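S.K.: Here you go, sequence then predicted model.
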Amino acid sequence: MTHRDTPTTRARNLGIDAGAFVAAFTASPTPMVLTDPRQPDNPIVWANDAFLGLTGYAWEELDGRNCRLLQGPDTDPRAVRRLNEAVRMGLPIEIELVNYRKDGSSFWNGMTVAPVRDATGEVVHFYAAQADMTGKHRHEVAMRDAQDELERRVSEQTADLRAALEQKTALLHEVDHRVKNNLQVISSLMLLKARRTPKGEARDALQGMAERIGALSTVHRMLYSTGDVTRFDLREFAEDFVSELVAGLEGDHTAVRAEIDSIAVSAAMAAPLALMLHELATNAVRHAFPNSRPGRVTITAQRSDGSLRMLIEDDGVGLAGSPPNPAGFGRSLVEMVVRQLRGVVVWSDVSPGTRVEITVPLDAISLRDAAAATQWAPR
């Protein structure tokens, strides 16, 4: 008959007496206990001094008792069922559960339970090495409590920040609303004054300034109506502006077409870009087609490598063919705005017509630059 290779047989082959194992386990600082599943209720048949010290029991109080005497009110029944099932099936198990000392105090017991088999493979004992894991669990509880407290504080601060942001957003909406109203009043007053001013340079100047202020009013109306006060959709403004521009044309000899991508620009760039678009488009409509000459104005804008690329083209008389306007400053205004937005503008005669190409970096404007970009009066 072939004998199974067990720790006991290996110890004997090495000339180590079983008593040496018992002496080593007895003196070990690790709490250890041995039970006998061949006896009714799998009683404790041996325990070392470390186990007695951990539980507070004397050997006479443990001898012949089942280990369940260490269980109590907070012992997890699910853990007990797992342990009993492993013992029933003769399988090793590592588990942690709440046990109780003789004096009633609880502790977290980390156990490694393993079957001990004889040469035939029969389970003759269960050996359990144990450790007091109370400190570990207290640390875990403290960590969970700290995490819960941190999450609570973060949640409170997030709620405070959200409320502050909502207040700021409401304030910005109100500011845009009031600015829009004020600009509309100013524009209306200037238009009224223009109508009462004799035809000439003064009337044209009042009319032009009223229209520029109207464009700025449209920007603030859109910022007021949108959900995000920090962003401005250039296409939405362009569609609104082109509709008003076409509605104001006399006759149908000039066609205006716009192809604007949906480009979100910062609110700080909204007013300068709107004013620039207004200036170029209205100048093209008014001066590129004298004497009711038919023509076409095309406005395009698209994102390209982190920049906004705008193109305003017409097939009119061109820069050289436009009548001189000593009082006009549209080109100077456009160049000033582009420069303060850190962009580039190129004016070209394309025979026929004029082509204006503008490139502006979308993320290169600061609040200081935006403030400077609103200083539109030429020097």
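M.R.: Sure, I can see it.
S.K.: Run through the stretch 101-250 of the chain and note the low-pLDDT ranges.
M.R.: 165, 169, 172-173, 175-177, 179-180, 183, 219-231, 248 (pLDDT under 70).
S.K.: All the helices of it, in order from the start?
M.R.: With DSSP state H, counting those that start in this stretch as the criterion, the stretch 101-250 of the chain has helices at 134-195, 201-225, 234-247.
S.K.: And the ones you listed: which comes nearest T120?
M.R.: The closest of the helices of the stretch 101-250 of the chain to T120 is helix 134-195. By Cβ to Cβ, the value is 39.3 Å. The C-beta positions use only the backbone N, C-alpha and C, and glycine is treated the same way.
S.K.: list the buried ones in stretch 27-35?
M.R.: P31, M32, V33, L34, T35 (16 or more other Cβ atoms under 10 Å).
S.K.: same thing with stretch 112-123?
M.R.: So for stretch 112-123, counting by 16+ other Cβ under 10 Å, buried means V113, A114, P115, V116, R117, V123.
S.K.: Out of those residues, which sit inside strands?
M.R.: Members of the buried residues of stretch 112-123 lying in strands (criterion: DSSP state E): V113, A114, P115, V116, R117, V123.
S.K.: So which of the residues you listed is the closest to R78?
M.R.: Nearest member of these to R78, counting by Cβ to Cβ, is V113, at 16.2 Å.
S.K.: how much space is there between the closest one and D132?
M.R.: Distance, V113 to D132, using Cβ to Cβ, to the nearest Å: 16 Å.
S.K.: Farthest-apart pair in the buried residues of stretch 112-123, please.
M.R.: Among these, V113 and R117 lie farthest apart (Cβ to Cβ), at 13.9 Å.
S.K.: T298 should be in a strand, yeah?
M.R.: Yes - checked against DSSP: H, G, I helix; E, B strand; the rest coil, T298 lies within a strand.
S.K.: what sits against V345?
M.R.: Neighbour list for V345: V334, E335, V338, V356, E357, I358 [criterion: Cβ atoms under 8 Å, 6 or more residues apart in numbering].
S.K.: Determine which two of the residues you listed are furthest apart.
M.R.: E335 and E357 (12.9 Å).
S.K.: for V346, what are its contacts?
M.R.: Contacts of V346 (Cβ under 8 Å, 6+ apart): V356, E357, I358.
S.K.: And these, which is closest to L70?
M.R.: Taking Cβ to Cβ as the measure, L70 lies nearest I358 of those, at 83.0 Å.
S.K.: how deep is the closest one tucked in, by neighbour count?
M.R.: I358: 25 surrounding residues under other Cβ atoms under 10 Å.
S.K.: Do I have it right that it meets E335?
M.R.: No - using Cβ atoms under 8 Å as the test, I358 is too far from E335 to be in contact (9.8 Å).
S.K.: Tally up the residues packed near Q184, please.
M.R.: Applying other Cβ under 10 Å, I find that Q184 has 17 neighbouring residues.
S.K.: no wait, D49
M.R.: D49, neighbours per other Cβ under 10 Å, totals 14.
S.K.: got it, and D36?
M.R.: D36: 18 neighbours (other Cβ under 10 Å).
S.K.: Contacts only, for it.
M.R.: With Cβ under 8 Å, 6+ apart, D36 has these contacts: N42, P43, V45, V124, H125.
S.K.: For it, give its distance to V360.
M.R.: Relative to V360, and taking Cβ to Cβ, D36 is found at 88 Å.
S.K.: Could you identify the buried members of the contacts of D36?
M.R.: N42, V45, H125.
S.K.: Wait, the last one touches P37, no?
M.R.: Yes - with contact defined as Cβ under 8 Å, H125 counts as touching P37 (7.3 Å).
S.K.: and I95, that one's in a strand?
M.R.: Yes - assigned with three-state DSSP, I95 falls within a strand.
S.K.: could we number from 40 for the rest of this?
M.R.: Renumbered: residue one is now 40, and that last one reads I134.
S.K.: Could you report the neighbour count for it?
M.R.: 16.
S.K.: In contact with it, which residues?
M.R.: Residues near I134 by Cβ under 8 Å, 6+ apart: A118, R121, L122, G149, M150, V152.
S.K.: One more pass at 10 Å, please.
M.R.: I134 makes contacts with D115, A118, V119, R121, L122, A125, N148, G149, M150, T151, V152, A167, as judged by Cβ atoms under 10 Å, 6 or more residues apart in numbering.
S.K.: In ChimeraX, select just the buried ones from the residues you listed.
M.R.: Of the contacts of I134, the buried ones go into a single ChimeraX selection, burial set by 16+ other Cβ under 10 Å:
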select :118,122,125,148,149,150,152,167
